[in-house]
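Undergrad: Need the 3D shape of this:
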Amino acid sequence: MSATTTNELVYDPYDRETIFNPHPLFKRMRDETPLYHSEEHGFYAVSRFEDTERVLVDRDTFVSRRGVTIDLLKLGMDMPPGTLIFEDPPTHGIHRSLLSRMFTPRRISGLEPEIRALCAQLMDPLVGSGGFDVIEKVASEVPMRVISMLVGIPEADQTRVRDHFLGSRDEDRVGVDSLYGEIFAEFIDWRVEHPSDDIMTNLLNAEFEDENGNTKKLTRDELLAYVNIVAAAGNETTRILIGWSAKLLADHPAERKLLVDDPSLVGNAIEEVLRYEPNTLQNCRWAVKESEFHGLTVPANSIMVTLTPSANRDERHFEDPDRFDVRRKIDHHKSFGFGPHYCLGQALARLEGRVVLEELLKRWPTWDIDLDQAEFMYHADNRGYSKLPITIP
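TA: The predicted structure follows:
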């Protein structure tokens with residue numbers, strides 16, 4: 001039996017209203033059509049927690065090598081070598097192990113004093129200002145400087161690199177040219193002659209055993225793609241997380257007061273922010289084999305979409321999922337993906353989110369949002385605020 005499109009329920013991932021608030025529609029999809037087929041856009045979608053998890057762990061059926069967004073999958077292009085999120089076994093495991101050396105728990109936890117000092121540098125001049133754009137002054141600055149320090153981007157070039165990623169998108173669709181990382185060519189060339197203790201230098205010199213048992217180093221194209229994906233993720237994901245944290249705590253002042261009274265809850269609050277409003281609408285795969293969900297068939301050579309915000313609010317997994325609760329016990333959510341492609345930088349994003357929120361609450365226990373001046377990004381792959389002015393009572 002094949003999945004059919006319902007005339008009454010339409011999921012359009014390019015619809016601005018859906019991107020801004022997908023939750024009512026996604027609840028209907030979970031209940032009425034847990035396997036959804038869009039004839040217009042040519043994809044299948046799963047919305048329940050267990051179904052999204054099944055797709056993300058079944059690498060024999062659902063592969064990443066053709067892309068992980070609808071737009072890229074429709075292009076049918078060859079992904080740049082070394083772009084981890086677009087790789088499958090055996091190369092994915094080999095390349096992932098290389099990068100995981102750069103994100104050890106010890107190295108990440110050791111960054112906390114520097115991140116806290118950076119927050120003080122950015123926030124202290126804003127005390128007494130009456131308000132500021134939290135995206136411009138904090139959320140865009142902290143991730144940019146931290147990931148640039150790790151990667152090895154000179155301070156004078158950090159803003160240019162960050163703005164490159166912001167400018168590589170139009171309002172709705174992701175640009176393809178930004179995947180290749182040519183912006184980092186000059187930095188890599190410079191690091192050849194000026195090595196340092198950073199990700200670029202380490203990757204330049206790293207040796208590994210490939211799938212054929214040969215010892216080798218990354219090619220130049222692979223190196224560019226590696227650095228590109230780390231810098232892009234390190235800038236965008238955490239910036240959006242910080243913005244959502246400020247927005248949700250303004251919307252839920254009682255929950256914010258709990259954090260002011262008990263800062264030990266801040267780490268868990270970050271998990272709840274991630275669950276409640278993830279930065280992406282969907283995570284996609286290419287089906288190389290036929291599969292079945294809820295008695296319906298997904299044919300081979302189909303685009304399969306997993307709906308992250310829907311999985312994170314599935315009543316079958318989370319009790320009272322539409323309630324924002326900083327004390328909620330969360331075993332895991334899907335905001336960093338799941339399975340073999342689980343986000344390598346998740347520990348860094350969590351650390352930055354926690355430290356930034358702790359430092360915000362120290363200085364400003366209350367704030368409001370000037371929604372008339374706020375700006376939302378309307379694209380499915382990074383949904384969140386690009387401008388979020390807060391006012392201090």
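Undergrad: any idea which helix or strand comes after the worst-scoring helix or strand of the chain on mean pLDDT?
TA: Taking mean pLDDT, DSSP states H and E as the measure, the helix or strand of the chain with the lowest value is helix 158-167, at a mean of 77. Going down the chain from helix 158-167, the next helix or strand is helix 185-193, by DSSP states H and E.
Undergrad: So which residues of the stretch 1-150 of the chain form helices?
TA: 16-20, 23-32, 49-57, 70-75, 91-100, 105-109, 112-123, 134, 142-151 (DSSP state H, counting those that start in this stretch).
Undergrad: could I have the second one exported to CSV, CA atoms only?
TA: Looking back up the chat, that one is helix 23-32. C-alpha atoms of helix 23-32 as CSV (Å, rounded to 0.1, in the frame of the first residue of the first chain):
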residue,chain,number,x,y,z
HIS,A,23,3.7,22.9,16.0
PRO,A,24,-0.1,22.8,15.4
LEU,A,25,0.3,21.3,11.9
PHE,A,26,2.9,18.8,13.1
LYS,A,27,0.5,17.6,15.9
ARG,A,28,-2.1,16.9,13.2
MET,A,29,0.5,15.1,11.1
ARG,A,30,1.5,12.9,14.1
ASP,A,31,-2.1,12.0,14.7
GLU,A,32,-3.6,11.9,11.2
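Undergrad: ok and that helix relative to helix 49-57, angle-wise?
TA: Going by axes from the mean of the first three to the mean of the last three Cα atoms, to 10 degrees, helix 23-32 is angled at 90 degrees with respect to helix 49-57.
Undergrad: which of the residues in helix 23-32 are buried?
TA: 23, 25, 26, 27, 28, 29, 30 (16 or more other Cβ atoms under 10 Å). Where C-beta positions appear, they are placed from N, C-alpha and C, glycine not excepted.
Undergrad: any idea how far the fifth one is from residue 63?
TA: Taking Cβ to Cβ, to the nearest Å as the measure, residue 28 falls 29 Å from residue 63.
Undergrad: what do you get for the first one?
TA: Using Cβ to Cβ, we find residue 23 at a distance of 29 Å from residue 63.
Undergrad: phi, psi of residue 305?
TA: phi -110, psi 130 (degrees, to the nearest 10).
Undergrad: My guess is it contacts residue 70. True?
TA: Yes: with contacts counted by Cβ atoms under 8 Å, residue 305 reaches residue 70, the gap being 6.8 Å.
Undergrad: Now do the shared contacts for these two.
TA: 13, 43, 282, 284 (Cβ atoms under 8 Å, 6 or more residues apart in numbering).
Undergrad: Skipping adjacent residues, who's closest to the first one in space?
TA: Nearest in space to residue 13, with sequence neighbours left out and distances taken as Cβ to Cβ, 6 or more residues apart in numbering, is residue 380 at 4.7 Å.
Undergrad: does the one you found count as helix, strand or coil?
TA: Counting by DSSP: H, G, I helix; E, B strand; the rest coil, the backbone at residue 380 sits in coil.
Undergrad: wait, what's in contact with it?
TA: Counting by Cβ under 8 Å, 6+ apart, residue 380 touches 13, 14, 19, 69, 70, 172, 280, 281, 282.
Undergrad: Minimum pLDDT in the residues you listed, which residue is that?
TA: The lowest pLDDT within the contacts of residue 380 belongs to residue 172, with 38.
Undergrad: ok, and for the least confident helix or strand of the chain, which residues are buried?
TA: 158, 161, 162, 164, 165.
Undergrad: which one is the first one nearest to, not counting chain neighbours?
TA: If I follow you right, that is residue 158. residue 148 (4.3 Å).
Undergrad: List the contacts of the one you found.
TA: Residues near residue 148 by Cβ under 8 Å, 6+ apart: 155, 158, 161, 231.
Undergrad: What distance do you get for residue 57 to residue 50?
TA: 11 Å.
Undergrad: Kindly report the same for residue 388.
TA: Counting by Cβ to Cβ - residue 388 and residue 50 are separated by 34 Å.
Undergrad: Neighbour count for those two, which is higher?
TA: residue 388 (26 against 12; other Cβ atoms under 10 Å).
Undergrad: who's in contact with that one?
TA: 133, 134, 135, 139, 243, 246, 247, 369, 374, 375.
Undergrad: and those, which of them are in strands?
TA: 133, 369, 375 (DSSP state E).
Undergrad: circling back: which one among the buried residues of helix 158-167 gets closest to residue 223?
TA: Checking the buried residues of helix 158-167 against residue 223 with Cβ to Cβ, the nearest one is residue 161 at 15.8 Å.
Undergrad: okay but the closest one is in contact with residue 183, surely?
TA: Yes: counting by Cβ under 8 Å, residue 161 touches residue 183, with 6.4 Å between them.
Undergrad: end to end, how far does stretch 194-210 reach?
TA: With Cα to Cα, to the nearest Å as the measure, stretch 194-210 spans 27 Å from end to end.
Undergrad: Give me the contact list for that stretch.
TA: Contacts of stretch 194-210 (Cβ under 8 Å, 6+ apart): 91, 94-95, 97-99, 101-102, 149-152, 184, 187-188, 191-192, 215-218, 223, 226-227, 230.
Undergrad: Quick check on the residues you listed: which are buried?
TA: 91, 95, 98-99, 102, 149-152, 184, 187-188, 191, 218, 223, 226-227, 230.
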